[in-house]
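S.K.: model the following, please.
(chains A and B)
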Amino acid sequence: MQDYQNQRATVLQILEEHQSMPGNLLPILHSIQDTLGYIHPSAIADIASALHQSKAEIHGVVTFYHYFRQTPPGKHTIRICRAESCQSMNSKGLEAHAKQTLGIDFHETTADGRFSLEPVYCLGNCACSPAITIDEEVHGRVSPEKFDQLIASKGAE
Amino acid sequence: MTRLFISRDSTALSLGAEQVVTAFQQQAATSGKEIEIVRNGSRGLFWLEPLVEVETAAGRVAYGPVNPSDVGALLEAGILEGKEHPLYVGKIEELAYFKDQNRLTFARVGLTDPVNIDDYLAHDGYRGLHNALNLQAADIVKQVTDSGLRGRGGAAFPTGIKWNTVLNAPAEQKYIVCNADEGDSGTFSDRMIMEGDPFVLIEGMTIAGLAVGATQGYIYLRIEYPHAKIALNQAIEAAYARGYLGENIQNSGKTFHLEVRSGAGAYICGEETSLLESLEGKRGLVRFKPPLPAIVGLFGKPTIVNNVISLASVPIILDKGGEYYRDYGMGRSRGTLPIQIAGNIKHPGLFEAAFGISLREILYTYGGGSASGRPIRAVQVGGPLGAYVHEGQFDTPLDYEAFAAMQAVLGHGGIVVHDDTSNMADMARYAMEFCVEESCGKCTPCRIGSTRGVEVIDKIVNNIEKDKNTVLLKDLCNTMTFGSLCAMGGMTPFPVLSALNHFPEDFGLSKDKA
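M.R.: Residues are numbered from 1 along each chain as shown, chains lettered A, B, ... in the order given. Model prediction:
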């Protein structure tokens, strides 16, 4: 994990920018994650101090939401939908294939740092199940073969 | 110059719409043909996406599904003149799937450029707001009450009554909050509106602001919808630039500000009080009610929390009057429901219809049966907290009360189809597992009951004291139904018990034991 000292200036600047916004904690966390890829556990003290809250409160919020992460992600984040519509089109088979192909389980990152794998509960692409996202790209009717093609195209980047 | 329409809707994108756009741009340039590509919303006939529509002398004709590799042949065949080709589907408006709908809320989706305010105005946009600006607040609320509109998020609470409560709550500051945390599997109507006609939502929220005296609105949008966020922000910017948002709206002296806020992957934040906590920057823990959010809502102020479709239905009500909207529907379910047909179905899509249409019509007349070609065994209506409905119930009309009468819910109008390869004990287990994953943890029946539920279902399926554990599962479901703080724990028993009661064989039980 990178040293927080390298990230701190960025975090402090984000805190400064959101100072007067009502209900600013989620926007702050999003901004940090969008910029740095994750929320470094050491950032929590700075956020708490800026918002006049306890570290426990900030930690509680960071860990409540599935989307926020406290470890660096791989170069690409793959999210596989686990919800009912995708299950009706055999997303379980796709999930098993993805885990085997990448050699990782959910919430893990491949050893080469290329891919992180996360579960997701509905992408709103239920008319074309099973669905996945790779970073912000949505893909529908993803067969194991299509998954392999997508991974190959990302791996070549 | 020929105009083409290729959707920017995320489902169209998920099937390669962007690559189709690139192929058209490149190949038209090479062959010296002048084209302009409009990025519209989706018509909602998803088996035809990526759909390409062409504006011709004879009207707007469609081709689909188009792959990038088809583009050369399509140009060769004369797509720009609307000529024949194996992918030619004709005018969308003439297809039964589209023609038989009652597109009120979705009138413009797929037709217009979603972020072009002039296109919106040219297609009856902002007529509702202009009418509202000439009405007293109470009269705006009356139109909504008269329309019979009920909350389309799933709870079906009368929208007009909610608005009236906020109108009559005295406060310096009030808020309009749009619940765009559309987390139910099988639902995508909110997403389609936000990507395909964001102005109608913005207009609906502005009218809500005028109706109750609120000057600030927030759209709480789930993080899983990045394309909706882009479209909403583009439309909000255009509305500010043209005086439809901000101070002194259309020189009326009225103010309404609007901002999009992102969720962070918590299903529970679709519950209105959890959503408010999240907007305030806290863990999404469900609040006790009362007080109602209409009295003590966001930052402790009176707040309207409405679903996207509820708010997006308001402009047409204010444009054409509450009675116009109320004339659609049946019983106490008035107006239209944007039905989302999903899962294992041949013709998935968005089908906006007046209440009263039957599941069977949706599944077979329009849906075309399962995608796999196998028999449809069960459909889950209303998201992960909705009951599994079996073949014998398919003639039930889509109506809030008719569904409640058979221990089911319409919810947000999503229908997920399963063929006969789905194991319903697995689906029941998943319903409990989902509740474990997404429970906010505040109340015990939901937090602990869901974990015990997974264990008990495993025991039943693995033949461990089967009869005893079946009784226990029903007892547990009873506790969750009546003891949970919100619908998360309170409705998880719907899918579980419907699977158990209708498909006992999947649990290794005979009909009389379940």
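S.K.: ranges for the helices of chain A?
M.R.: Along chain A, counting by DSSP state H, helices occupy A:8-17, A:25-36, A:43-51, A:55-64, A:84-87, A:91-102, A:144-155.
S.K.: out of the ones you listed, nearest to residue B:180?
M.R.: When the helices of chain A are compared by CB to CB, helix A:25-36 sits nearest residue B:180, at 14.2 Å. Heads up, the C-betas are built off the backbone N, CA and C, glycines and all.
S.K.: kindly report the residues of the stretch 251-400 of chain B close to chain A.
M.R.: B:261-267, B:278-284, B:298-299, B:340-344, B:348-350, B:371, B:380, B:384 (CB under 8 Å from any CB of the partner chain).
S.K.: mind doing that once more with 7 Å?
M.R.: Selection of the stretch 251-400 of chain B residues close to chain A by CB under 7 Å from any CB of the partner chain yields B:261-262, B:264-267, B:278-284, B:299, B:340, B:342-344, B:348-349, B:380, B:384.
S.K.: ok, of those, which come out buried?
M.R.: B:261-262, B:264-267, B:278-279, B:281-284, B:340, B:342-344, B:348-349, B:380, B:384 (16 or more other CB atoms under 10 Å in any protein chain shown).
S.K.: sorry, back to before: for chain B, which of the helices of chain A is the nearest?
M.R.: Using CB to the nearest CB as the measure, helix A:25-36 is the one of those that comes nearest chain B, at 3.1 Å.
S.K.: mind listing what the residue nearest to the spatial centre of chain A touches?
M.R.: Closest residue to the average C-alpha location of chain A: residue A:67 at 5.3 Å, with CA atoms, centre = their mean. Neighbour list for residue A:67: B:223, B:264-265 [criterion: CB atoms under 7 Å, 6 or more residues apart in numbering or on different chains].
S.K.: ok, back up a step: in strands only, show me the residues of the stretch 251-400 of chain B next to chain A.
M.R.: Residues of those located in strands (DSSP state E): B:261-262, B:340, B:342-343, B:349, B:380.
S.K.: just the closest of those to residue A:154, please.
M.R.: residue B:262 (24.4 Å).
S.K.: okay, and the beta partners of the closest one?
M.R.: On the basis of DSSP bridges, residue B:262 is bridged to residue B:221.
S.K.: now stretch B:475-483: buried residues?
M.R.: The neighbour-count criterion (16+ other CB under 10 Å) identifies B:476-477, B:479-481 as the buried residues of stretch B:475-483.
S.K.: of all those residues, which two lie farthest apart?
M.R.: Of all pairs in the buried residues of stretch B:475-483, the most separated under CB to CB is B:476 and B:481 at 9.7 Å.
S.K.: give me the element the nearest residue to residue B:288 once chain neighbours are set aside is part of.
M.R.: In this structure, residue B:288 finds its nearest non-sequential neighbour in residue B:485, 7.0 Å apart by CB to CB, 6 or more residues apart in numbering or on different chains. Assigned by DSSP states H and E, residue B:485 falls within no helix or strand.
S.K.: ok, residue B:286 next?
M.R.: For residue B:286, there is no enclosing helix or strand under DSSP H and E.
S.K.: can you pull the contacts of it?
M.R.: Contact analysis of residue B:286 by CB under 7 Å, 6+ apart lists B:268, B:271, B:273-274, B:440, B:442, B:485-486.
S.K.: just give me the closest of those residues to chain A.
M.R.: Out of the contacts of residue B:286, the member with the shortest distance to chain A (by CB to the nearest CB) is residue B:440, at 8.0 Å.
S.K.: residues touching residue 46, list them.
M.R.: Picked chain A for this. Per CB under 7 Å, 6+ apart, neighbours of residue A:46: A:8, A:11-12, A:15.
S.K.: to clarify, I was referring to chain B.
M.R.: A:127-128, B:11, B:348-349.
S.K.: could you list the low-pLDDT ranges of the chain?
M.R.: Picked chain A for this. Residue ranges of chain A with pLDDT under 70: A:1-2, A:156-157.
S.K.: let's do chain B instead
M.R.: Scanning chain B for pLDDT under 70 picks out B:513-514.
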